[in-house]
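**Student:** model the following, please.
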Amino acid sequence: MDFEFKEHYDVYDLFEIVKILRSPEGCPWDKVQTHETIRSEFIEEVYEAVEAIDEKDPVHLREELGDVLLQVVFHCVLENEKNSFELDDVADDVCKKMILRHPHVFGNTTAETPEEVLKNWDQIKMQSKSQSRVSETLESVSKALPSLMRSDKLIKRAERAGFANPDARENISAIRARLDALEAAVENGGADECGGEIGELLFSVSRLSRSLKTDCEKSLYDACDRFTKQFSELEAYAAENGIDIQKSDPSELSALWDAVSKQSY
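**Tutor:** Just a heads-up that it's a prediction; the model follows:
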């Protein structure tokens with residue numbers, strides 16, 4: 001194998017390493033992968049990088065960004081094998097995009113506030129993608145995003161197009177109406193109808209979160225952490241009191257949960 005070992009490597013060395021791994025003499029696993037087979041790994045690595053950001057750990061973040069970069073390079077190698085595009089083509093495209101969408105820095109347009117920047121960004125994006133209707137910008141929001149994150153992005157884009165999001169009180173009223181509709185679906189509807197109403201309820205909660213200037217995805221993320229911590233405390237409390245939670249009935253578990261909740265707050 002013709003490979004030069006170095007003290008320090010750069011992104012082009014990473015590209016060559018992946019090419020070697022994909023070669024006939026390379027790794028049995030790497031050389032059979034496709035865009036589709038490593039799709040989930042890409043998503044997983046991005047989430048792990050986000051977790052490192054949340055931890056405020058630069059050493060962990062550096063490692064996870066490397067894993068994300070590997071995914072980017074791997075997909076570039078797959079296309080390079082088909083003579084479709086190179087790693088430099090990807091860099092060229094994004095450089096041109098950043099220059100085009102920042103005319104207030106690289107051109108003569110003025111943008112004094114972040115809000116003006118976003119408004120210009122949306123207009124330029126619509127022009128570059130030949131979009132004439134706001135609905136087209138909504139349709140372009142990735143469906144692979146977590147749904148709460150996607151809902152927030154949709155609401156933001158609609159707002160920037162002039163579609164005002166109701167204030168908090170109106171959104172709370174809308175949530176109450178959605179809860180009534182869900183209750184009716186539970187009484188009279190099937191699973192599909194209930195699922196539809198739950199979706200509408202969650203979207204309404206996302207609109208409320210937006211009106212309160214909070215991050216709905218982050219709020220649920222934090223709530224999941226609190227639930228996990230509280231469940232761990234429930235297990236510890238039960239063990240201390242000789243209670244087997246797996247053999248407890250729902251009312252006993254509910255009482256335990258309430259007891260732990262009071263200790264947590």
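**Student:** so where do the strands sit in the protein?
**Tutor:** Remark: no strands are assigned in the chain by DSSP state E.
**Student:** where does it have low pLDDT?
**Tutor:** Scanning the chain for pLDDT under 70 picks out 1, 132, 263-265.
**Student:** so what are the domain limits for it?
**Tutor:** With domains defined by automatic domain parsing, the chain comprises 11-99, 230-264.
**Student:** just put these in TSV and tack on distance to Ser219 and mean neighbour count.
**Tutor:** In short, each C-beta sits where N, CA and C put it, glycine included. Shown next, in TSV, are those (distance: least, Cβ to Cβ, whole Å; neighbours: other Cβ atoms under 10 Å):
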stretch	distance to Ser219	mean neighbour count
domain 11-99	14	14
domain 230-264	16	12
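**Student:** export those domains to a markdown table and tack on distance to Glu115?
**Tutor:** Below are the domains of the chain laid out as a markdown table (distance: least, Cβ to Cβ, whole Å):
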| stretch | distance to Glu115 |
| --- | --- |
| domain 11-99 | 19 |
| domain 230-264 | 39 |
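**Student:** nearest to Asp180, of these?
**Tutor:** When these are compared by Cβ to Cβ, domain 230-264 sits nearest Asp180, at 25.1 Å.
**Student:** just how off-centre is that closest one within its chain?
**Tutor:** Counting by Cα atoms, centre = their mean, to the nearest Å, domain 230-264 is centred 33 Å from the centre of its parent chain.
**Student:** do the same with stretch 29-41
**Tutor:** Its chain's C-alpha centre and that of stretch 29-41 lie 21 Å apart, by Cα atoms, centre = their mean.
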